[in-house]
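Chemist: Quick one: sequence plus predicted model below, questions after.
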Amino acid sequence: MTAWSILLPSWPTGDRFAQLKSPTWDGSPSEDKTKQCGPTALSAIIYWLTGTFVPGDAIKDAILGQGKTGPTSLAQLREFAADWASVPSTVLHPATTAGNATGSLLNLEWSATVAGHPVLLLRHFSATVKDPHWCVTVGLDPDHVYVFDPYTGALRIETYDEHRALYLGDSVAGGGMARIDRDRDRWLDLP
């Protein structure tokens, strides 16, 4: 029996896509690299989808303003992706996703990656550090989820249980982005 797997081809990694090392367009140091996981993850998605590199700091500056600091919301990241990079996104509830009868996180990630869409998701930074952290699901196999971590600019391999335990409930898949709400009984749209 052959094991199945899906991994988005040629996913960008390295210092350009590591929030602590990513360059800035203005040449000045980033004002708040520790809070740039969302913009840096979106930078990798935009590069993978379009071939155009936009530094995470430039995305943060466009969203929050030059010199401003702080985290970015799902709504802000989606708006930048659509308005500045022409990367569309769609908010979906897991139970309404075609072919996704159980509505689980892993089923939606599988559906998105098979269709060629990376999944941006909000999760805990780690099992011991419970701060919110944006990452990107770029593949799955029978036992693991392949996650791009913008903190390091590298791929992480997690078991299904590790992956589900870190998930906080907000996700959006790039290119036809599918949003997941952990509370399956209501729609959720962040400000």
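Modeler: Sure, I can see it.
Chemist: can we go C-alpha only for contacts and neighbour counts from here?
Modeler: Noted.
Chemist: ok, so what distance separates Lys68 from Arg16?
Modeler: 21 Å (C-alpha to C-alpha, to the nearest Å).
Chemist: Compare the two and say which is more crowded by neighbours.
Modeler: Arg16 (21 against 12; other C-alpha atoms under 10 Å).
Chemist: which phi and psi does that one have?
Modeler: phi -60, psi -30 (degrees, to the nearest 10).
Chemist: Quick check: the nearest residue to it once chain neighbours are set aside vs Gly51, distance?
Modeler: Excluding its sequence neighbours, the residue lying closest to Arg16 (C-alpha to C-alpha, 6 or more residues apart in numbering) is Ser22, at 4.5 Å. Applying C-alpha to C-alpha, the value for Ser22 to Gly51 is 17 Å.
Chemist: and these two? which has more neighbours close in?
Modeler: Taking other C-alpha under 10 Å, Ser22 and Gly51 do not tie; Ser22 has more neighbours (22 against 11).
Chemist: any idea how far the more buried one is from Pro12?
Modeler: 13 Å.
Chemist: what does Leu121 give?
Modeler: Counting by C-alpha to C-alpha - Leu121 and Pro12 are separated by 17 Å.
Chemist: more crowded one of those two?
Modeler: Leu121 (25 against 18).
Chemist: Paired strands for the helix or strand encompassing the more buried one, with orientation please.
Modeler: Take DSSP states H and E as the rule and Leu121 turns out to sit in strand 119-124. Paired neighbours of strand 119-124 in the sheet (DSSP bridges): strand 132-140 (antiparallel), strand 167-173 (antiparallel).
Chemist: what's the least confident stretch among the ones you listed?
Modeler: Among those, strand 167-173 carries the lowest mean pLDDT, a mean of 60.
Chemist: How far away from the center of its chain is stretch 21-37?
Modeler: 18 Å (C-alpha atoms, centre = their mean, to the nearest Å).
Chemist: Ok, stretch 65-83 next?
Modeler: Distance, centroid of stretch 65-83 to centroid of chain: 13 Å (C-alpha atoms, centre = their mean).
Chemist: Give me the buried positions along it.
Modeler: By neighbour count with 16 or more other C-alpha atoms under 10 Å, stretch 65-83 contains the buried residues Thr69, Pro71, Thr72, Ser73, Leu74, Gln76, Leu77, Arg78, Glu79, Phe80, Ala81.
Chemist: between the longest helix belonging to the chain and strand 119-124, how many degrees?
Modeler: Under DSSP state H, the helix in the chain containing the largest number of residues is helix 37-50. Interaxial angle of helix 37-50 relative to strand 119-124 (axes from the mean of the first three to the mean of the last three C-alpha atoms, to 10 degrees): 160 degrees.
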